[in-house]
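*Asks:* quick one: sequence and predicted model below, then my questions.
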Amino acid sequence: MNNRLIFSLSKSLLMARLRQTMIAAFGVTFSITMFITLLSFMGGLNNMLDGLIVNRTPHVRIYNEIKPGEIQPVNLSPEYKRNYNMIRSIKSESSRQDIYNSAAVIKALQEDEMVLGLSPKINAQVFFNDGVVDITGVLNGIDAAAEMKLFHFNDYVTSGKAIDINNLANSIILGKPLAEKLQANIGDIIQVITIKGDRFPLRLVGLYESGLRDLDKTLGFTNIKTTQKILGKANNYITDIQVKLNDIKMAPLFAKNYSMKFNTDAEDIQTANSQFETGSFVRTVISYTVGITLLIVAGFGIYNILNMMIYEKMDTIAILKATGFAGRDVKTVFIVIALSIGIAGGLLGLILGFGLSSLIDQIPFHTAALPTIKTYPVQYNIKFYVIGIVFSIITTYLAGLFPARKASKIDPVIIIRGK
Amino acid sequence: MSNTILEARHINKYFHDPVTVKVLDDINFSISKEEFVSVIGKSGCGKSTLLYILSTMDTDYEGGLLIDGINMKSKKEKELAHIRNSKIGFIFQFHYLLNEFSVLRNVMLPGLKLAEYTEKEIEHRAMEKLRMLDIEQLAVKSASKLSGGEKQRVAIARALINDPEIIMGDEPTGNLDKKNREIVFNIFKQLSAEFHQTLLIVTHDDELTRISNRSIEMEDGKIIRQ
């Protein structure tokens, strides 16, 4: 086939109907622009919402769960080994909450190549007290430096400095709504009361805002040593080890390994937060559906215009066929027309889509729930652009295929006789 | 009979809409190389229908058609298109040129499709044909800006571009005024006499019949005289 000839024929037919073809191309441009913008915006939103959880959640959490022992004494007794033992009303053992041999676990984690970083933590139930107010809450003993590195802790400390709890003795960071309840300002002394009734004064050095207000109502952070002191525990008392891995996908396997190796509990992020994956997935499906619908509508536009063009160019097609062009040549000409509309419109759509999403990226977006977000979130992903152009080519090809087949089947005799 | 370029063998043709009518009845004739044949007859006698069959555009017929000794009956659409492209030049009554292109491009198109020569050579040959028909000054004009007579001459140049074995015309002078008819007659005369071009022209025009070597007369789908 003589490609140059086909292209020159297509070009001439396109130019002869320049306005209509431009409108068709703009249809594609519009849909691709919206497709790219929608997906980028939705992707950004997904990342932000996932970030709410994922950024602050360890990939694997090693802890000691309070639960009934799996092996009960009767099962150990050789006398009843062959029996089927039924035990009712099993109670959880009064086991310790801290991780056994935490120093060894930490050492093993530090030497593990899969681990990006780890942050030990103590979880303690306490009451916060300021004057007459007593509020139940959770005191987290953390290593502020590790938390900042792994979980962006400082992003969520909106007043004061996160690192201060490491540097200043007996200092505490409180959730902002909790501090409001306690009428406490930075620099004030907060009374923390343990479950056992011990009272401990701490200086408020910062306010924490996670975006989940209900959570912030109960949260306080001190450094690990202070928490150990408040609880009256030794300096190897650790209730949680939070681990971030190099590859988040390895978390379930990693959790299983460590849980077996150190006879402790380990929970991976996929199990703990499966609902977030579902949310992201549904949002992605919706945006793809809308984008592809737009493209299909644009495809119908192209179909219409090509059909019209074929009716207008019946004579041209008949003469081409009479002078020796085969049906296939005519078909190729019209498919080339359709594809050039698709490719030109699609490429322009990619550029405009990029422009529009960068524009959205500049629009201010302030919300109390998300202190780190300043503008609307937008994700720039080459994948969206590839899908956009591929789909625009496929839809325009299909939109062109049927008119082109019709054109190829035009009988020149009928046209020439008809006049 | 290696001298025969086109041969029709017992061609029958029916129209089925709305009722089946036999429009061509046992057509038998042959055309030798360098012959100038005209086909005459009253309107509706089937002469145009015959021409479309002979030009390979209409494939819905009974009987045999041999062009250059090759049977057209078993050929596929693509092969027929190639034969039209390389061996047949066509001149219509109304459908002259592609308005989207310049005159030169119109003449070149069948040559570009055949691709026997490079584009440069085809352009050169097209200019030669235009010069031969004395219309080379029109080459750069857009086809839509020509007069009817000019268009028909360009169409003749286009029919000649691939040096066809035979040129077929369907009432080529039917839509022209007297002056342009004269010009087209002279071109046919010149083609036949100087260039020994085989011509098969369907016409109403008595004058055209007079300048042809041989005249085939049709009536009611039959050849009554040849």
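*Replies:* Noted; the coordinates are in hand.
*Asks:* all contacts plus neighbour counts: C-alpha atoms, from now on.
*Replies:* OK.
*Asks:* up against chain A, what does chain B have?
*Replies:* For chain B, the contact set with chain A under C-alpha under 8 Å from any C-alpha of the partner chain comprises B:52, B:57-58, B:77-78, B:80-86, B:89-90, B:92, B:94-98, B:100-101, B:110, B:112-113, B:115, B:159.
*Asks:* where along chain B do the strands fall?
*Replies:* When assigned using DSSP state E, the strands of chain B occupy the ranges B:4-15, B:21-32, B:36-41, B:62-67, B:70-71, B:88-91, B:166-170, B:198-202, B:214-219, B:222-225.
*Asks:* for the third one, name the packing helices and strands.
*Replies:* On a contact count with 3 or more C-alpha pairs under 8 Å, 6 or more residues apart in numbering or on different chains; DSSP states H and E, strand B:36-41 meets helix B:47-54, strand B:198-202, helix B:206-211, strand B:214-219.
*Asks:* next one: the first one
*Replies:* Applying 3+ C-alpha pairs under 8 Å, 6+ apart, one finds that strand B:4-15 makes contact with strand B:21-32, strand B:62-67.
*Asks:* drop anything exposed from the residues of chain B next to chain A.
*Replies:* Listed as buried from the residues of chain B next to chain A are B:52, B:57-58, B:77, B:80-86, B:89-90, B:92, B:94-98, B:100-101, B:110, B:112-113, B:159; burial here means 16 or more other C-alpha atoms under 10 Å in any protein chain shown.
*Asks:* what distance do you get for the closest residue to B:M57 other than its chain neighbours to B:M218?
*Replies:* The shortest distance from B:M57 to any residue that is not its chain neighbour, by C-alpha to C-alpha, 6 or more residues apart in numbering or on different chains, is 6.5 Å, and that residue is A:V413. Using C-alpha to C-alpha, to the nearest Å, we find A:V413 at a distance of 20 Å from B:M218.
*Asks:* how about low-confidence regions in chain B?
*Replies:* When residues are selected by pLDDT under 70, those of chain B lie in B:1-2, B:95-96.
*Asks:* follow-up on the earlier one: can you put the strands of chain B in TSV and add distance to A:V133?
*Replies:* Supplementary listing: those in TSV, determined by distance: least, C-alpha to C-alpha, whole Å:
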stretch	distance to A:V133
strand B:4-15	103
strand B:21-32	107
strand B:36-41	115
strand B:62-67	107
strand B:70-71	107
strand B:88-91	103
strand B:166-170	107
strand B:198-202	112
strand B:214-219	117
strand B:222-225	117
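*Asks:* which of those strands sits closest to A:Y397?
*Replies:* strand B:88-91 (33.4 Å; C-alpha to C-alpha).
*Asks:* can I get the closest one in PDB, CA atoms only?
*Replies:* Extracted in PDB, the C-alpha atoms of strand B:88-91 (Å, rounded to 0.1, in the frame of the first residue of the first chain):
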ATOM      1  CA  ILE B  88      -8.400   1.100 -18.100                       C
ATOM      2  CA  GLY B  89      -8.800   4.900 -18.300                       C
ATOM      3  CA  PHE B  90     -12.300   6.200 -17.500                       C
ATOM      4  CA  ILE B  91     -14.100   9.300 -18.600                       C
END
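*Asks:* residues contacting that strand, please?
*Replies:* Residues outside strand B:88-91 that contact it (C-alpha atoms under 8 Å, 6 or more residues apart in numbering or on different chains) are A:322-323, B:55, B:152, B:155-156, B:158-160, B:162, B:164-170, B:172.
*Asks:* kindly report the same for stretch A:243-251.
*Replies:* Outside stretch A:243-251, the residues within contact range by C-alpha under 8 Å, 6+ apart are A:58-62, A:114-119, A:150, A:268-270.
*Asks:* for the residue of chain B found nearest chain A, which non-adjacent residue is closest in space?
*Replies:* Using C-alpha to the nearest C-alpha, the closest approach of chain B to chain A is made by B:N85 at 3.9 Å. Residue nearest to B:N85 in three dimensions, not counting chain neighbours: A:G324, with 3.9 Å by C-alpha to C-alpha, 6+ apart.
*Asks:* so that neighbour sits right up against B:E77, yeah?
*Replies:* No. With contact taken as C-alpha atoms under 8 Å, A:G324 and B:E77 are classed as non-touching, separated by 10.3 Å.
*Asks:* chain B contacts on chain A?
*Replies:* Counting by C-alpha under 8 Å from any C-alpha, chain A comes close to chain B at A:2, A:5, A:12-13, A:16, A:315-316, A:319, A:321-328, A:412-413, A:416, A:419.
*Asks:* measure A:G220 to B:Q93 for me?
*Replies:* With distances taken as C-alpha to C-alpha, A:G220 is found 95 Å from B:Q93.
*Asks:* same check, this time on B:D220
*Replies:* Look at B:D220 and B:Q93: by C-alpha to C-alpha, they are 22 Å apart.
*Asks:* and what of A:T194?
*Replies:* 106 Å.
*Asks:* A:H59 reaches A:F254, doesn't it?
*Replies:* No. If you go by C-alpha under 8 Å, A:H59 and A:F254 don't touch, sitting 9.4 Å apart.
*Asks:* A:G27 is in contact with A:G349, correct?
*Replies:* No. A:G349 lies out of contact with A:G27 (C-alpha under 8 Å); the separation is 9.4 Å.
*Asks:* just want to know which of these two has more residues nearby.
*Replies:* Neighbours of A:G349 and A:G27, each counted by other C-alpha atoms under 10 Å in any protein chain shown, are more numerous for A:G349; the result is 30 against 25.
*Asks:* the residue nearest to B:M57: helix or strand, and which one exactly?
*Replies:* Taking DSSP states H and E as the criterion, A:V413 maps to helix A:412-418.
*Asks:* so which bits of whatever helix or strand A:S392 lives in are buried?
*Replies:* Counting by DSSP H and E, the element that carries A:S392 is helix A:382-408. Neighbour counts using 16+ other C-alpha under 10 Å place A:384-385, A:388-389, A:391-405, A:407-408 of helix A:382-408 among the buried residues.
*Asks:* any idea of the mean pLDDT for it?
*Replies:* In this model, helix A:382-408 carries a mean pLDDT of 88.
*Asks:* what distance separates that helix from the centre of its chain?
*Replies:* Between the mean C-alpha point of helix A:382-408 and the mean C-alpha point of its chain there is a distance of 30 Å (C-alpha atoms, centre = their mean, to the nearest Å).
*Asks:* got it, and stretch B:101-117?
*Replies:* On C-alpha atoms, centre = their mean, the centre of stretch B:101-117 falls 17 Å from that of its chain.
*Asks:* for it, which outside residues touch it?
*Replies:* A:2, A:5, A:12, A:323-325, B:82, B:85-86, B:97-98, B:119, B:122-123, B:126-127, B:138-143, B:154-155, B:157-159, B:161-162.
*Asks:* please identify the buried residues of that stretch?
*Replies:* Neighbour-count burial for stretch B:101-117 flags B:101-114 (criterion: 16+ other C-alpha under 10 Å).
*Asks:* B:M218: how many residues sit nearby?
*Replies:* Neighbour tally, B:M218, other C-alpha under 10 Å: 21.
*Asks:* identify the bridge partners of it.
*Replies:* Beta bridges link B:M218 to B:G41, B:I223, judged by DSSP bridges.
*Asks:* residues touching it, list them.
*Replies:* With contacts taken as C-alpha under 8 Å, 6+ apart, B:M218 has the following neighbours: B:39-42, B:45-47, B:224-225.
*Asks:* re earlier: so which of the contacts of stretch A:243-251 is the most crowded?
*Replies:* Counting neighbours by other C-alpha under 10 Å, A:V60 leads the contacts of stretch A:243-251 with 29 neighbours.
*Asks:* name the residue closest to the centre of chain A, please.
*Replies:* With distances taken as C-alpha atoms, centre = their mean, chain A has A:N47 as the residue nearest its mean C-alpha position (3.5 Å).
*Asks:* so what touches stretch A:21-30?
*Replies:* Contacts of stretch A:21-30 with the rest of the structure, by C-alpha under 8 Å, 6+ apart, involve A:14, A:295, A:298-299, A:301-302, A:305, A:341-342, A:344-350, A:352, A:392.
*Asks:* same deal with stretch A:78-90?
*Replies:* A:68, A:74-75.
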